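Enquirer: next one to model:
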Amino acid sequence: MSVAVGILGATGAVGQRLVQLLASHPEFEIETLTASEASAGESYSDAAKWRIESPVPDGVGEMTVTETTPEAVPEDLDLLFSSLPSAVGREVEPAFCEAGHVVSSNSSNHRTAEDVPLTVPEVNGDHLDLIEVQRDERGWDGALVKNPNCSTITMVPPLAALDDAFGLDQVTVATLQAVSGAGYDGVTSMEIIDNAIPHIGGEENKMETESRKLLGEFDGAGVSWHNARVEASCNRIPTLDGHLENVWVETAREATVEAAIDAMESYPSLELHSSPDQLVHVFTDPERPQPRLDRTLEGGMSIAAGGLQETDDGLQFNCLAHNTLRGAAGASLLNGELLLDRGYL
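Expert: Numbering: from 1, shown residues only. Now for the predicted structure:
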């Protein structure tokens, strides 16, 4: 039996990816699509300027878009996926949770709140049980779960593997991020063609905080953040999809390239529908990974790594993920599958 789901903010770039991924999902069935008040009452085909490479899925284009309010959404929906702008999500998502809905959100608001699970299912799925704390403290029947920023999610699985193998003392990362991470209207062609932009507002702080929460320990009452120091420099480059990152780590114990490759490639995936068979693929070719060649590994849900080298105090490596699949819509979908698997729906 399918689980009835809705998408909050269904007309935006991440919302469209969610529509694409959910249309043929064996466990979830789209029943509600929401957008701004201006789009309410229109068909989805009219409300959404469809930007995905495949057509609008059958049956979805004719659905009527509703307002993004708890009153406009059926009470019996099992799960809501949110791709709302953070300023909107900050106010609206808690209202849905208070009304009894479980929300799996890609929006950046509340990610570091003490009682909100921030999860990458393969890395810290146990943090999902923070929902019990959240419900006790807020009096909600629903729940709010977050996935991390698309740049954070690219480096955290390889870091988790290295942390298990050697321990992490410090992480330094420089990102080369695709334009789709800013949304369709986020970066103009005149800004980015023949150019690179060495700053993405708020991005460095997200990587530096979210990664430590994701790698932290949950003790049943709260999350103790990882004590590694994380420093990030975030840059926008003229690729369409796929965030490439250069990472340097100082390890607590001596690390070798061979042991690091083994740790990354053996890091376990899950048996959720959207989980990749292998979470981290490691290339030995020093020119890989590359966005155009490697962003769609395992349907865009795997992390690609390469360029591993030993340094005086640890390792250097590169990693890559598809930012709107693994990093946004797919991450939110995986959290929804984890919620179903763990009995929270």
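
Enquirer: which helix or which strand is home to V19?
Expert: Using DSSP states H and E, V19 falls within helix 13-22.

Enquirer: please save the CA atoms from that helix in PDB.
Expert: The C-alpha coordinates for helix 13-22 follow below in PDB (Å, rounded to 0.1, in the frame of the first residue of the first chain):
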ATOM      1  CA  ALA A  13      13.900  23.600  -8.700                       C
ATOM      2  CA  VAL A  14      14.100  21.100  -5.800                       C
ATOM      3  CA  GLY A  15      10.300  20.700  -5.800                       C
ATOM      4  CA  GLN A  16      10.400  19.700  -9.500                       C
ATOM      5  CA  ARG A  17      13.100  17.100  -8.700                       C
ATOM      6  CA  LEU A  18      10.900  15.700  -5.900                       C
ATOM      7  CA  VAL A  19       8.100  15.400  -8.400                       C
ATOM      8  CA  GLN A  20      10.300  13.600 -10.800                       C
ATOM      9  CA  LEU A  21      11.700  11.200  -8.100                       C
ATOM     10  CA  LEU A  22       8.300  10.500  -6.500                       C
END
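
Enquirer: could you pull out the helices for the stretch 201-345 of the chain?
Expert: 203-214, 257-265, 291-294, 330-341 (DSSP state H, counting those that start in this stretch).

Enquirer: which one of these is the most hemmed in?
Expert: Highest mean neighbour count among the helices of the stretch 201-345 of the chain (mean count of other Cβ atoms under 10 Å): helix 330-341, with a mean of 25. Glycine gets a C-beta too; all of them are placed from N, C-alpha and C.

Enquirer: distance from the chain centre to that helix, please.
Expert: Distance of helix 330-341 from its chain centroid, counting by Cα atoms, centre = their mean, to the nearest Å, is 10 Å.

Enquirer: next: stretch 142-161.
Expert: Distance, centroid of stretch 142-161 to centroid of chain: 6 Å (Cα atoms, centre = their mean).

Enquirer: for stretch 130-137, same thing?
Expert: Stretch 130-137 has its C-alpha centroid displaced from the chain centroid by 22 Å (Cα atoms, centre = their mean).

Enquirer: buried residues of it, list them for me.
Expert: For stretch 130-137, the neighbour count (16 or more other Cβ atoms under 10 Å) marks 130-131, 133-134 as buried.

Enquirer: with pLDDT, distance to S274 and secondary structure added, can I get the residues you listed in JSON lines?
Expert: Formatted as JSON lines, these follow (pLDDT from 0 to 100; distance: Cβ to Cβ, whole Å; DSSP: H, G, I helix; E, B strand; the rest coil):
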{"residue": "L130", "pLDDT": "98", "distance to S274": "22", "secondary structure": "helix"}
{"residue": "I131", "pLDDT": "98", "distance to S274": "20", "secondary structure": "helix"}
{"residue": "V133", "pLDDT": "98", "distance to S274": "27", "secondary structure": "helix"}
{"residue": "Q134", "pLDDT": "98", "distance to S274": "24", "secondary structure": "helix"}
